[in-house]
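Peer 1: I would like the atomic coordinates for the input below:
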Amino acid sequence: MSEHIERMKTEHTDLDIKVKALGAFIHGNEIFKTLDDMEQSRMIKQHGFMESYAKTLEARIWAAV
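Peer 2: Numbering: from 1, shown residues only. Here you go, the predicted structure:
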């Protein structure tokens, strides 16, 4: 398999770990609730962008193989 595809797969794996960790923090950590509304909003937005990025990267991987 091509080196650039392997790099995309590694990036996707790393990103998936981060997306899950941030989602777990948002939905399951009491500290999140103590943050001000704007910071909570930014983190939720970041999580959504990260999910979109992961889906796009996954589509690129599927198209390349």
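
Peer 1: how close does E39 get to I17?
Peer 2: 22 Å (Cβ to Cβ, to the nearest Å). C-beta coordinates here come from the backbone N, C-alpha and C atoms, glycine included.

Peer 1: what about the helices in this structure?
Peer 2: Using DSSP state H, the helices found in the chain span residues 3-28, 30-34, 37-64.

Peer 1: a markdown table for these, including mean neighbour count and mean pLDDT?
Peer 2: Shown next, in a markdown table, are the helices of the chain (neighbours: other Cβ atoms under 10 Å; pLDDT from 0 to 100):
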| stretch | mean neighbour count | mean pLDDT |
| --- | --- | --- |
| helix 3-28 | 13 | 97 |
| helix 30-34 | 9 | 98 |
| helix 37-64 | 12 | 98 |
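
Peer 1: identify the residues contacting G28.
Peer 2: G28 makes contact with no residue, according to Cβ atoms under 8 Å, 6 or more residues apart in numbering.

Peer 1: G23 now?
Peer 2: Counted by Cβ under 8 Å, 6+ apart, G23 has contacts H47.

Peer 1: convert the C-alpha atoms of stretch 8-16 to PDB, please.
Peer 2: Listed in PDB are the C-alpha atoms of stretch 8-16, where the atom choice follows Å, rounded to 0.1, in the frame of the first residue of the first chain:
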ATOM      1  CA  MET A   8      -3.700   8.900   6.200                       C
ATOM      2  CA  LYS A   9      -4.700   5.700   8.000                       C
ATOM      3  CA  THR A  10      -2.300   6.500  10.900                       C
ATOM      4  CA  GLU A  11      -3.700  10.100  11.000                       C
ATOM      5  CA  HIS A  12      -7.300   8.800  11.100                       C
ATOM      6  CA  THR A  13      -6.500   6.300  13.900                       C
ATOM      7  CA  ASP A  14      -4.900   9.100  16.000                       C
ATOM      8  CA  LEU A  15      -7.800  11.500  15.200                       C
ATOM      9  CA  ASP A  16     -10.400   8.900  16.100                       C
END
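
Peer 1: so how far is T13 from the closest residue to M1 other than its chain neighbours?
Peer 2: Nearest residue to M1 in three dimensions, chain neighbours excluded: V65, at 7.2 Å (Cβ to Cβ, 6 or more residues apart in numbering). For V65, the distance to T13 (Cβ to Cβ) stands at 15 Å.
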